[in-house]
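**Student:** Quick one: sequence plus predicted model below, questions after.
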Amino acid sequence: MRKIDGPDDEELGELEDKTETLTLRSKRTERARKKQAKKVKNPKSQSQNLLDLPYELVLGILTYLRPSDIFNLQRVSRAFRNFIILDERRIARSIISWRYVCLEKCFRLPILMKHIDPNIQPYVQSLDRQELLVIHKKPYLHVQPPDPAEICTCLTCLLRWSSLCLIPDFAHWQKHLDAGEPIPMIPRGVNPKWNQVLISSNADIVRKALHSPLWHARLFEAHLDSTTRSIRRQAANKGNRRRRFRMEQEDVDLGSDLFLERSGPPSFDFPFHRDNYYMLEAYLPNRGWSVESEKWMYMPAEQHDIDINYITKWAERVKTKNQEAKITEEK
């Protein structure tokens, strides 16, 4: 058979690769290409998550928000909610440190019973001592009594509880006071259902503040709003010639309580009845004006420890007296 001659390798020379990349053509790739081209053309349209910023910068931004804004921010996304929950104490501390310097020292939290020495708890909760506190645990119609099993019932903590419960109640009636509408009167010896629901709701808010620094700060925000509205009402009352705090519009816009550090009328007396709300201007308990220092002096946070020490000594005296009485009976 005849062999068919073909070109030698030398005649063919080096092979040339002429393969090309296939062009992908589909609706999906075309949409992706247009979307990418649009981003490159208009980079400002690219959204950026706040949480992508450095931690300290995010914290600094949140510090300028009000507590109510922080609660609203929690509802934006799960990421924001988790971030705020994890750093709640630090965020609240940063907000309070410049917005509510005065209110923080006026409205301290009562101490939870679980934080008191277990050896002292029986003294604080004893029935004999609870009977002695009847005068300080009056059944106010606008304040729900505290639970002795939940918080300390030393005199300091009782006053702290009542003052905190007053904040949401006073805020609740601001619309009535601004509009000049009378607050509903409650006849003596009667406690209507609507009032029970209201003071129970107020107590629930205070209980949240006992465990949440943000809720504590939220109470400060509410009371600062009530205070500024009250000062405005009293300033507009031409018949009221009483001394009051000097408050400018800039103070209101700033959203800080620093103007309450100025000289003004003392207002530490507890409003025992809602009738006191009409003339109440700035309820700021646990402080008094020092003429010598020309500044406000605040009740120290250690006052609770002083009261606990007094309760311990009282319990020891009662115990010794009972032992002596028992020995006398035996003789």
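**Tutor:** Ah, there it is.
**Student:** Is Cys157 in a helix, a strand, or coil?
**Tutor:** Recorded secondary structure, Cys157: helix (DSSP: H, G, I helix; E, B strand; the rest coil).
**Student:** burial count for the nearest residue to it once chain neighbours are set aside?
**Tutor:** Leaving aside its sequence neighbours, Cys157 sits nearest to Pro110 (CB to CB, 6 or more residues apart in numbering; 3.7 Å). For the C-beta atoms, the positions are set from N, CA and C on the backbone; glycine is no exception. Using other CB atoms under 10 Å, Pro110 is surrounded by 23 other residues.
**Student:** cool, and Leu59?
**Tutor:** Other residues near Leu59 come to 15 when the count uses other CB under 10 Å.
**Student:** per-residue pLDDT, the nearest residue to Leu159 once chain neighbours are set aside?
**Tutor:** Excluding the flanking residues, the one nearest Leu159 by CB to CB, 6+ apart is Pro285, at 7.1 Å. Note for Pro285: predicted pLDDT of 93.
**Student:** do the same with the one 10 residues further on
**Tutor:** In the prediction, the pLDDT value recorded for Lys295 is 88.
**Student:** Need phi/psi at it.
**Tutor:** Lys295 adopts backbone torsions of phi -160, psi 170, taken as degrees, to the nearest 10.
**Student:** List the contacts of the residue nearest to Cys157.
**Tutor:** 146, 151-152, 156-158, 160-161, 164, 210 (CB atoms under 8 Å, 6 or more residues apart in numbering).
**Student:** so where do the strands sit in the stretch 101-250 of the chain?
**Tutor:** For the stretch 101-250 of the chain, strands defined by DSSP state E, counting those that start in this stretch do not occur.
**Student:** how about low-confidence regions in the stretch 1-150 of the chain?
**Tutor:** Along the stretch 1-150 of the chain, the parts satisfying pLDDT under 70 run over 1-25, 39-48, 134-139.
**Student:** in it, which spans are helices?
**Tutor:** For the stretch 1-150 of the chain, the helices defined by DSSP state H, counting those that start in this stretch occupy 9-12, 27-41, 55-63, 67-74, 78-86, 88-99, 101-106, 121-125, 127-132.
**Student:** Single out the most deeply packed of those.
**Tutor:** helix 101-106 (a mean of 20; mean count of other CB atoms under 10 Å).
**Student:** what comes into contact with that one?
**Tutor:** With contact meaning CB under 8 Å, 6+ apart, helix 101-106 is reached by 96, 163, 220, 223-224, 256-258, 260-261, 284-287, 296, 298-299.
**Student:** what's the answer for stretch 70-87, then?
**Tutor:** 49-51, 58-59, 62, 65, 91, 95, 214, 218.
**Student:** Kindly check the end-to-end length of that stretch for me.
**Tutor:** 12 Å (CA to CA, to the nearest Å).
**Student:** What sits closest to Arg246 if chain neighbours are left out?
**Tutor:** Spatially, and ignoring its direct neighbours in sequence, Arg246 is nearest to Arg262 (5.8 Å; CB to CB, 6+ apart).
**Student:** same check, this time on Arg207
**Tutor:** Glu150 (7.7 Å).
**Student:** Which helix in the chain has the most residues?
**Tutor:** Counting by DSSP state H, the longest helix found in the chain is helix 303-330.
**Student:** before we move on, back to that, now, which of the contacts of helix 101-106 lie within strands?
**Tutor:** 287, 296, 298 (DSSP state E).
**Student:** State whether the first one and Trp296 are indeed in contact, as I suppose.
**Tutor:** Spelled out, that is Arg287. Yes. If you go by CB atoms under 8 Å, Arg287 and Trp296 touch, sitting 4.9 Å apart.
**Student:** quick one, what contacts the residue nearest to Arg207?
**Tutor:** With contact set as CB under 8 Å, 6+ apart, Glu150 has these partners: 112-113, 207.
**Student:** repeat that for 10 Å
**Tutor:** Residues in contact with Glu150 (CB atoms under 10 Å, 6 or more residues apart in numbering) are 110, 112-114, 161, 207, 210.
**Student:** Could you identify the pair within the residues you listed that is furthest apart?
**Tutor:** Spatial extent of the contacts of Glu150 (CB to CB) is set by the pair Lys114 and Trp161 at 15.7 Å.
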